[in-house]
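Chemist: generate coordinates for the sequence data below:
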Amino acid sequence: MNFATKCQKNLATAIYNILIDIDRKNNYSICLIINGLYDHDAQLITLNTISLKPPIKQIMEIRKFDKNSINDFLNKLCYEICDITFSGENVNIMLNAFLDTCLKIFYSSFPLKKI
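Modeler: Numbers count the residues shown, from 1 in each chain. Below you'll find the model as predicted:
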């Protein structure tokens, strides 16, 4: 498959090259086409089989923040926070309870959706 595409006097070169993965030896063939144009001939590659892999689908998780979900979050938060904030004496326990409640409300108002 090594043949010249440009022949001139005592010089022969391949000025146009086809690059292909050598592992695909049995899946293609190359031949010379003598086209009669002055000193340039051509190469023809025939691909016997081409297997294209389908695009990889990625699943993403997102949270939707719109007016309705924000209002839902604020309404739920108003009903829960008062009881937690003033119902204890240990600041660490109250803070942990506050954060736990906020996260539960957040997750319920802004659920993850797969796209």
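Chemist: which elements pack onto the top strand by length along the chain?
Modeler: Identified as the longest strand of the chain according to DSSP state E is strand 28-37. The contact analysis (3 or more C-beta pairs under 8 Å, 6 or more residues apart in numbering; DSSP states H and E) places strand 28-37 against strand 40-47. Using the backbone N, CA and C atoms, a C-beta is placed for each residue, glycine as well.
Chemist: tell me the mean pLDDT for stretch 90-98?
Modeler: Averaging pLDDT along stretch 90-98 gives 82.
Chemist: list the buried ones in that stretch?
Modeler: Neighbour-count burial for stretch 90-98 flags Ala97 (criterion: 16 or more other C-beta atoms under 10 Å).
Chemist: tell me how far Glu61 lies from Ser29.
Modeler: To Ser29, Glu61 is 48 Å away according to C-beta to C-beta, to the nearest Å.
Chemist: these two: which is more packed in?
Modeler: Just comparing Glu61 and Ser29: by other C-beta atoms under 10 Å the higher neighbour count belongs to Ser29, 12 against 9.
Chemist: what's near enough to touch that one?
Modeler: Residues in contact with Ser29 (C-beta atoms under 8 Å, 6 or more residues apart in numbering) are Ile45, Thr46, Asn48.
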